[in-house]
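[1] here is my input, please return the structure:
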Amino acid sequence: LKSYILDCENVPLAKYGGKWMRSWINDEDLREELQAHLQSLRKYVSATAIINYLAQLDVQQHFKLTKSVSLAAAQQWMENCGC
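    All right, here's what the predicted structure looks like:
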């Protein structure tokens, strides 16, 4: 965590399903798609919009996701995306 504070690009790993993984938001393609989707919503941008977008079957298949994200994660992503 200390290294993240010193360098915000050094994202800490999270334990998920017994494996240590980086956040999905570090996937450049996913981040760009998500930003484009949020821009299309204009004033209706919310953490729930991220959850709903990532819950779509075609999005999950494209990015090889098995589920959406939690509300807390979606809120953090909004901060990281500058929303």
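[2] all contacts plus neighbour counts: C-alpha atoms, from now on.
    Fine.
[3] show the pLDDT at N52.
    pLDDT for N52: 94.
[4] C81 too?
    Reported pLDDT for C81: 67.
[5] do the same with D29
    We note a pLDDT of 87 for D29 in this prediction.
[6] ok so it is a strand residue?
    No: looking at D29 with DSSP: H, G, I helix; E, B strand; the rest coil, it is helix, so not inside a strand.
[7] quick check: Q61 vs K67, distance?
    10 Å (CA to CA, to the nearest Å).
[8] for this structure, give me the ranges with low pLDDT.
    The model of the chain has pLDDT under 70 over residues 1-25, 81-83.
[9] switch to 50 and redo it
    The chain contains residues with pLDDT under 50 at 1-7, 10-16.
[10] mind listing the strands for it?
    Here the chain has its strands, by DSSP state E, at 14-16, 19-21.
[11] please enumerate the helices of the protein.
    2-6, 28-41, 47-55, 57-63, 71-81 (DSSP state H).
[12] tell me the most buried of these?
    helix 47-55 (a mean of 18; mean count of other CA atoms under 10 Å).
[13] which residues does it contact?
    With CA atoms under 8 Å, 6 or more residues apart in numbering as the test, helix 47-55 has contacts from 34, 38, 59-60, 67-71, 74-75, 78.
[14] can you redo the residues you listed as a markdown table with distance to N26?
    Listed next are those as a markdown table, based on distance: CA to CA, whole Å:
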| residue | distance to N26 |
| --- | --- |
| L34 | 12 |
| L38 | 17 |
| V59 | 16 |
| Q60 | 16 |
| K67 | 17 |
| S68 | 15 |
| V69 | 14 |
| S70 | 16 |
| L71 | 18 |
| A74 | 13 |
| Q75 | 15 |
| M78 | 13 |
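[15] contacting residues around S70?
    Per CA under 8 Å, 6+ apart, neighbours of S70: I51.
[16] look up phi and psi at it.
    Torsion angles at S70 (phi, psi; degrees, to the nearest 10) stand at phi -80, psi 170.
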